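Visitor: Sequence first, then the predicted structure, then my questions.
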Amino acid sequence: MDEQRQKRLALIVFSGDLDKLFAAFTLATGAAASGMEVVMFFTFWGLRALRKKVRTGTTVFGRLVGWMYGGDIERAGPSRFGFGGLGRWMFKKMMKAKRVPSLLELRRTALELGVKFYGCSTSMGVMEIPREAMIDEVSACVGVAFFLEQARGAEITLFI
Amino acid sequence: MDEQRQKRLALIVFSGDLDKLFAAFTLATGAAASGMEVVMFFTFWGLRALRKKVRTGTTVFGRLVGWMYGGDIERAGPSRFGFGGLGRWMFKKMMKAKRVPSLLELRRTALELGVKFYGCSTSMGVMEIPREAMIDEVSACVGVAFFLEQARGAEITLFI
Amino acid sequence: MDEQRQKRLALIVFSGDLDKLFAAFTLATGAAASGMEVVMFFTFWGLRALRKKVRTGTTVFGRLVGWMYGGDIERAGPSRFGFGGLGRWMFKKMMKAKRVPSLLELRRTALELGVKFYGCSTSMGVMEIPREAMIDEVSACVGVAFFLEQARGAEITLFI
């Protein structure tokens, strides 16, 4: 395993921000298009990229997080200049004007190119996001050991 | 050095946020538990993870930073929804409810598994955090050249 | 390409924050000084590090972004404790007091040591930053495929 590095890109997607998710999916689709194997591990705020537009949370805190950070990938706003949703609207407009694909389109392309999506089971537990609240295309909900095994055989590994 | 990649995980921990530190220590303990050598380099805000609960700073600015960003690893709050300390309290509650170990426990486990902690000497200087303000278990305070040497021999290197 | 890893450090600089840029340029100059080849890809907010002090933007949104996030590398503020510019002033003072080089000096040193700078063409388009608004020393404005090719042959790749 050590010497034989696969043509693989492994991404840990920790952020749920529009701009960082855009960077992550651009790298993922670009790598997949060039023939690399791509695995994406979504954890914490990054789980938003895999979510359906459903409510989550069973405890008071979980429901509060679900309410504050709810919604699916289209709800992602930029890491700067949020302005209570205005920044998200503006950046989406700017991206569209330059004919840059949206996050939803990038995610679809990634799936078509064979990119694998994994959810981090620990952060799903902490944030009270069940498997049912996530899109069907998620390959599996896994722990850190699974990710490390994948990353160890990768040419490039990034934490985004 | 180039061809012979060690079974090593090298982490630069730049962030001092509860959620990012949690990700860093989860990766570190997971890797160490699976037999990898793990080195963690703490820089800037990440230095909080190595600090004792003591005051720091000698100049006016240094004391101000020490006051605004003081405290040890238990003072770390989430990167989102801080709410003046409320978010920290809430996330800790949620993590405890799911029986997820605290940062303090994760750090202890990391040490027990042989993970090595290094402080970045340049950012310690800028932020006026002396060696005495850090926990005894820090292996050394080092510069960027030391880190690069370690990272070059690693299988996985991440900036968190 | 797979087996023969070059002595190369590849950095994606996504952040435009003073502290993160400082980390990026410290790693870059340190690696270059030790004989490594270093390539830096600036994208999104990180493009600030390559900008001249000129106005940008042609559409309303582009001008707004140019106004909110304008200025060159010296305008970069810390990721925490911005305080409307006060934090930037304070951190610069602290860095100077410890005789730590400024971002401008670090960037110059990087160039002298042969570090290559690349701008991300997609984010330049979205943020309406033309090539003319960037310093002459930028080697080229490239897409994700170019970066991945460089990163695949690198010993260390980081997303900052």
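Guide: Structure received.

Visitor: Do a quick rundown of the helices in chain A.
Guide: Remark: helices assigned in chain A by DSSP state H are A:18-33, A:60-68, A:86-97, A:103-112, A:121-126, A:144-152.

Visitor: Run the chain-centre distance for the shortest one.
Guide: In this view, helix A:121-126 has its centroid 15 Å away from the chain centroid, taken as CA atoms, centre = their mean, to the nearest Å.

Visitor: Now do that helix: which elements does it pack against?
Guide: Counting contacts by 3 or more CB pairs under 8 Å, 6 or more residues apart in numbering or on different chains; DSSP states H and E, helix A:121-126 packs against strand A:140-142, helix B:86-97. The C-beta positions use only the backbone N, C-alpha and C, and glycine is treated the same way.

Visitor: tell me the mean pLDDT for the first one?
Guide: Taken as a whole, strand A:140-142 has an average pLDDT of 97.

Visitor: which residues touch it?
Guide: Contact with strand A:140-142 is made by A:Phe41, A:Tyr118, A:Gly119, A:Cys120, A:Ser121, A:Met124, A:Arg131, A:Phe146, as judged by CB atoms under 8 Å, 6 or more residues apart in numbering or on different chains.

Visitor: re the thing from before, for A:Ser102, which of the helices and strands packed on helix A:121-126 is the nearest?
Guide: Closest to A:Ser102 of the helices and strands packed on helix A:121-126, according to CB to CB: strand A:140-142, at 25.5 Å.

Visitor: Burial check on the nearest residue to A:Arg55 once chain neighbours are set aside, number of neighbours?
Guide: Excluding its sequence neighbours, the residue lying closest to A:Arg55 (CB to CB, 6 or more residues apart in numbering or on different chains) is A:Gly66, at 5.7 Å. Number of residues near A:Gly66 (other CB atoms under 10 Å in any protein chain shown) recorded here: 20.

Visitor: hang on, A:Gly66 packs against A:Val54?
Guide: No. The pair A:Gly66 and A:Val54 does not pass the contact test of CB atoms under 8 Å, sitting 9.0 Å apart.

Visitor: Which single residue of chain A approaches chain B most closely?
Guide: Chain B sits closest to A:Val144 of chain A, with a gap of 3.7 Å, by CB to the nearest CB.

Visitor: Lowest mean pLDDT among the helices and strands of chain A, which one is it?
Guide: Within chain A, no helix or strand scores below helix A:60-68, which has a mean of 87 by mean pLDDT, DSSP states H and E.

Visitor: what separates that helix from the chain centre, distance-wise?
Guide: That offset, for helix A:60-68, works out to 20 Å (CA atoms, centre = their mean).

Visitor: Please apply the same query to stretch A:35-52.
Guide: Put simply, stretch A:35-52 sits 3 Å off its chain's centre (CA atoms, centre = their mean).

Visitor: try stretch A:106-114
Guide: Per CA atoms, centre = their mean, the displacement of stretch A:106-114 from the mean C-alpha position of its chain is 12 Å.

Visitor: Could you do stretch A:105-125 as well?
Guide: The answer for stretch A:105-125 is 6 Å, by CA atoms, centre = their mean.

Visitor: Would you mind listing the buried residues in that stretch?
Guide: A:106-107, A:109-110, A:113, A:115-125 (16 or more other CB atoms under 10 Å in any protein chain shown).

Visitor: just stretch A:51-68 next, same as before
Guide: A:Arg51, A:Thr56, A:Gly57, A:Phe61, A:Gly62, A:Val65, A:Gly66.

Visitor: is it true that A:Glu155 touches A:Ser34?
Guide: No. Counting by CB under 8 Å, A:Glu155 stays clear of A:Ser34, with 11.6 Å between them.

Visitor: Pick out whichever of these two has more residues nearby.
Guide: Taking other CB under 10 Å, A:Glu155 and A:Ser34 do not tie; A:Glu155 has more neighbours (22 against 16).

Visitor: ok, how many other residues are close to A:Lys96?
Guide: That count, for A:Lys96 with other CB under 10 Å as the rule, works out to 12.

Visitor: on that earlier part again, of the contacts of strand A:140-142, just say which sits nearest to chain C.
Guide: A:Phe41 (13.8 Å).

Visitor: List the beta-bridge partners for that closest one.
Guide: Under the criterion DSSP bridges, A:Phe41 forms beta bridges with A:Ile12, A:Tyr118.

Visitor: Now do the same contact list for it.
Guide: A:Ala10, A:Leu11, A:Ile12, A:Val13, A:Tyr118, A:Gly119, A:Cys120, A:Val142, A:Phe147, A:Gln150.
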